[in-house]
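> Sequence and predicted structure are below.
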Amino acid sequence: MKTYSISEVAEHFNLTPHTLRYYDKEGLMPFIERTPSGKRVFKESDIDALKIIECLKSSGMPIKEIKHFIEWCSEGDSTLQQRYDMFLERKASVEAQMEELKKRWKSSNINVIITKPPWIAVRKIFIKSIKYKFHPLISSGLSIIG
């Protein structure tokens, strides 16, 4: 059976060994074995579990909730419904975040820069910044231009 060092696993996931030690300390990797000298040894199954941990983390799930998920996994099939419910909650949370980001994107100046020809976008942003920086009496005349 092939095993991997903490450095090899960290490189595979583009993490630092310190991050993997933190995960272990927080109880996210209770399955990791150690050598007699105390070094962590990772098996393929450990790497598969880390893929799930990283997926949950990248979805914005807090470490505390990931720990619950890992605990439920080690309890077996009796927690399948809890894990399923957690995924549904996470999915709903991510979808809500996506909608919020879409709204922000549509109202941002960055969206104007990308979707309009450059000369129009630059002109609008310049006029907005002038209106913001100068006295209201001066900027009111600029609204005719914009």
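The structure has been received and is ready for your questions.
> contacting residues for the spatially most central residue of the chain?
Residue closest to the mean C-alpha point of the chain, counted by CA atoms, centre = their mean, is Ser58 at 3.6 Å. Counting by CB atoms under 8 Å, 6 or more residues apart in numbering, Ser58 touches no other residue. Quick note: C-beta positions are derived from backbone N, CA and C, even for glycine.
> Surely Met1 and Val41 touch.
No. Counting by CB atoms under 8 Å, Met1 does not reach Val41; the two are 10.1 Å apart.
> Pick out whichever of the two has more residues nearby.
Val41 (14 against 5; other CB atoms under 10 Å).
> Quick one: the strands in this protein, in order.
33-34, 40-41 (DSSP state E).
> Could you identify which of those strands is most buried?
Ranked by mean neighbour count, these are led by strand 40-41 with a mean of 16 (mean count of other CB atoms under 10 Å).
> can you list contacts of it?
Contacts of strand 40-41 (CB under 8 Å, 6+ apart): 3-6, 20-21, 24, 32-35.
> what's the answer for stretch 86-96, then?
56, 59-61, 65, 68-69, 72.
> Repeat the analysis, applying 10 Å as the threshold.
Residues from elsewhere that reach stretch 86-96 (CB atoms under 10 Å, 6 or more residues apart in numbering): 55-56, 58-61, 65-66, 68-69, 72, 79.
> ok, those vs Ile47, which is closest?
Nearest to Ile47, judged by CB to CB, of the contacts of stretch 86-96 is Cys55 at 12.8 Å.
> Tell me who's in contact with that closest one.
Here Cys55 is in contact with 61, 66, 90 (CB under 10 Å, 6+ apart).
> The first one contacts Ile70, correct?
The one in question is Met61. No. Checked against CB atoms under 10 Å, the pair Met61 and Ile70 is beyond contact range at 11.4 Å.
> measure Asp24 to Glu65 for me?
17 Å (CB to CB, to the nearest Å).
> One more: Pro36?
Distance from Pro36 to Glu65, by CB to CB: 34 Å.
> Please say which of those two ends up with more neighbours.
Glu65 (14 against 5).
> Count the residues that sit near the residue nearest to that one when sequence neighbours are not counted.
Counting by CB to CB, 6 or more residues apart in numbering, Met86 is the residue found nearest to Glu65 once chain neighbours are left out, at 7.1 Å. The tally of other residues near Met86 (other CB under 10 Å) stands at 18.
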